[in-house]
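Engineer: Kindly return the folded structure for what I paste below:
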Amino acid sequence: MKNSNSKIKFKILFLLILGVFISTSGFSCKLFPKTAVPQTLTKTTELSYWGVWDEPSFVQPLINDFQALHPNVKIKYSRFRFSEYKQKLLEAWAADRGPDIYSIPASWLKEYQNFITPQPAEIKLAFEQITKTLGKEEKTTVVKSVPIFKTTDIKNKFVDQVASDVIINNKIYGLPYSLDSLALFYNRDLLDKAGIATPPVTWDDVASAASKISKIDLNNNPVEAGISLGTAENINNAGDILSLLMLQSGATMTDKNGQVVFDKSLADDKNYFPGLAALSFYTDFADPLKQVYSWNDKQPNSLDAFISGKLGMTLGYSYQLREAKGRGPKLNIGVTGAPQIKNSANDINYTNYWVETVSHKAKNSEIAWGFLNFAASENEVVKYLKVAKKPAALRSLISAQIQDPAISVFASQTLTAQNWYQGRDQLKMENAFKDLIKNFPKAPNQLKLLQSTVDKINQTL
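Structural biologist: I've put the predicted structure just below:
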């Protein structure tokens, strides 16, 4: 009996010692392996990332931080010229070598919907875990769910316009790092020379300032232009500026069914067509018979003219301001908010921003979306915003940016910035707006021209 008890005690003691040895040596993982980790998440994965306006130095800190947490993932960023971007994307996808992650304007999302893998409901990523046992380091791979933006987060954490753009059929199709808006750039020296002490605040101020700055030669051409307004082809953001004027004038751009209706009169004033009024105001600046005449279609590109010092004012986005300062380091450039309608109850600004999304042919869309959620999160995106000098799309970051002189004007406009759904073919919409601007001054029936433009755009919806 004693022998039997001794054997039992010996076995128990042996098992206890073995258990301690196993737990402290790391041998338990080899004897009792955990549930198999998905190979697609743990194998070495290389993702390509395409963009246009972001310099590599803007996004590389985000990539480095992500790769440090997930050593099995390598992300390579490539930058393209805007003029070639669409064609490069289509050619690459046709050859099955397109980017896994790419940037596009938010207004392109529905046009590119079939080229996007929407964000999954849950994202798991592989992490490298280092444990120390008996003075030895052991690396193990663990897969964990990571925090991601849900549709409710898009609505609550980002400014209002983002949810309208990136949520399609209750799925997330893109995430923004920033949200840009039109602002007024001005040449301080030209304003000073014209006796204009403070930059324009209203469109009436703009008209007055443009008349004072403009110098017209004997051939009726501006040799020193007040502001770049009135034409289509040689003005950056012409369609956006006209859209801004229409919205501020009270035009409804689209109805509840998504149809374009900016040709309609006001509900409470059937004789006033705000879209028509905005178009007339815009084109007056290129009409030699008008007092505000300060631009024509013989002028160079508006940003080039501004950088040359021959243009007093132009409207642009933060990335264009950065370009102007880089190309014209000696220019005395000022920036102020987009002009508003005099005595308007609320400010209305205009946004045209880009989002990051995942290709329909991504090698691993879950990892790609994991990176975008990581990069767009508050703690990471601030690194991007600081170096890129762009206004934030996250509400929580706006207040701090308003205190930053380098970005305050744009940041202060973010909450009031709007845009409108322009159809599935952005190029056709832009061309329709350009044709409208070019044909409007000489149209025998300007309202009918506006209505036919609306019909063209509605065909692309």
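Engineer: lowest average confidence, helix or strand, in this structure?
Structural biologist: helix 28-31 (a mean of 32; mean pLDDT, DSSP states H and E).
Engineer: in stretch 279-290, what counts as buried?
Structural biologist: Residues 279, 281-286 are the ones in stretch 279-290 that count as buried (16 or more other C-beta atoms under 10 Å). Bear in mind the C-beta positions are built from the backbone N, C-alpha and C, glycine included.
Engineer: again with stretch 287-303
Structural biologist: So for stretch 287-303, counting by 16+ other C-beta under 10 Å, buried means 292-296, 299, 302-303.
Engineer: and what of stretch 189-200?
Structural biologist: For stretch 189-200, the neighbour count (16+ other C-beta under 10 Å) marks 190-191, 194, 196, 199-200 as buried.
Engineer: same deal with stretch 80-100?
Structural biologist: Across stretch 80-100, burial judged by 16+ other C-beta under 10 Å covers 80, 85-86, 88-89, 92, 98-100.
Engineer: what comes into contact with that stretch?
Structural biologist: 47-53, 78, 102, 115, 358-365, 368 (C-beta atoms under 8 Å, 6 or more residues apart in numbering).
Engineer: Excluding chain neighbours, what is closest to residue 264?
Structural biologist: Excluding its sequence neighbours, the residue lying closest to residue 264 (C-beta to C-beta, 6 or more residues apart in numbering) is residue 252, at 6.6 Å.
Engineer: okay, the one you found: pLDDT?
Structural biologist: Per-residue confidence for residue 252 comes out at a pLDDT of 95.
Engineer: That one and residue 260 touch, don't they?
Structural biologist: No. If you go by C-beta atoms under 8 Å, residue 252 and residue 260 don't touch, sitting 9.5 Å apart.
Engineer: Who has more neighbours out of those two?
Structural biologist: residue 260 (26 against 18; other C-beta atoms under 10 Å).
Engineer: Show me what the more buried one bridges to in the sheet.
Structural biologist: Beta-bridge pairing for residue 260 (DSSP bridges): residue 254.
Engineer: what ranges do the strands span in the stretch 151-300 of the chain?
Structural biologist: For the stretch 151-300 of the chain, the strands defined by DSSP state E, counting those that start in this stretch cover 167-168, 171-172, 183-187, 215-216, 222-227.
Engineer: Report all helices and strands that the host helix or strand of residue 142 contacts.
Structural biologist: Per DSSP states H and E: residue 142 is located in strand 136-145. If contacts are counted by 3 or more C-beta pairs under 8 Å, 6 or more residues apart in numbering; DSSP states H and E, strand 136-145 sits against helix 39-42, strand 124-133.
Engineer: quick one: buried residues of the last one?
Structural biologist: Going back to what we said before, that points to strand 124-133. Buried residues in strand 124-133, counted by 16+ other C-beta under 10 Å: 125-126.
Engineer: how far does that strand sit from the chain's center?
Structural biologist: In terms of C-alpha atoms, centre = their mean, to the nearest Å, the centre of strand 124-133 is found 34 Å from the chain centre.
Engineer: List every C-alpha atom in that strand, with coordinates, as CSV.
Structural biologist: Extracted in CSV, the C-alpha atoms of strand 124-133 (Å, rounded to 0.1, in the frame of the first residue of the first chain):
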residue,chain,number,x,y,z
LYS,A,124,-7.6,41.2,-37.9
LEU,A,125,-3.8,41.8,-38.2
ALA,A,126,-0.7,39.9,-37.2
PHE,A,127,1.5,41.3,-34.5
GLU,A,128,5.0,40.2,-33.5
GLN,A,129,5.0,39.4,-29.7
ILE,A,130,8.3,39.1,-27.8
THR,A,131,8.4,37.2,-24.5
LYS,A,132,11.3,36.7,-22.1
THR,A,133,11.7,33.4,-20.3
